[in-house]
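In: sequence plus the predicted model coming up.
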Amino acid sequence: MVVEGRKEDLIKRGGEKISSEEVENLLLGHPQVQNVAGIAMPDPVLGERACAYVVPRSGRPPTLPDLCEFLLQRQIARFKLPERLEVVDGFPLTSVGKVSKKALRDDIARKLEAERAARRQS
């Protein structure tokens with residue numbers, strides 16, 4: 001038996017491994033979160049950092065400080081906190097209807113590169 005896709009659920013941040021599933025399950029309990037996907041975003045210093053893509057419930061979407069405080073109240077280790085929040089209307093899906101974390105990782109990589117390019121030009 002071969003299980004594919006599990007490596008996508010681990011974020012390797014500076015030698016620590018973060019289970020995105022653990023963080024996602026906690027964040028699903030936040031009143032402003034309808035759905036969430038935790039992904040690794042590239043980082044030149046730590047290798048990877050955690051990013052939370054969130055589909056909010058109706059009303060005001062959560063902020064990154066809101067989510068971090070919520071997680072800390074649930075006794076999560078600080079190194080597991082997401083370091084970036086992307087609020088979206090929905091998630092890209094795979095052909096079998098699961099959230100495409102690959103598409104989300106590609107999206108954040110494009111956004112980070114665009115931000116780096118903008119900083120170089122300013």
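Out: The structure has been received and is ready for your questions.
In: please enumerate residues in contact with the helix of greatest length in the chain?
Out: Across the chain, the longest stretch assigned as helix under DSSP state H is helix 101-121. For helix 101-121, the external contacting residues (C-beta atoms under 8 Å, 6 or more residues apart in numbering) are 5, 8-9, 20, 37, 39-42, 51, 53, 84, 86, 91-92. No exception for glycine: its C-beta is placed from N, CA and C like everyone else's.
In: can you give me how far stretch 109-122 is from the chain middle?
Out: Centroid separation for stretch 109-122 versus its chain: 19 Å, with C-alpha atoms, centre = their mean, to the nearest Å.
In: er, stretch 52-67 I mean
Out: Offset of stretch 52-67 from its chain centre (C-alpha atoms, centre = their mean): 12 Å.
In: with stretch 28-40 instead?
Out: 9 Å.
In: what ranges do the helices span in this structure?
Out: Using DSSP H, helices in the chain cover 20-27, 64-73, 101-121.
In: got the ones you listed as TSV, with mean pLDDT and mean neighbour count columns?
Out: Below are the helices of the chain laid out as TSV (pLDDT from 0 to 100; neighbours: other C-beta atoms under 10 Å):
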stretch	mean pLDDT	mean neighbour count
helix 20-27	96	18
helix 64-73	98	16
helix 101-121	94	13
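In: fine by me, thanks again.
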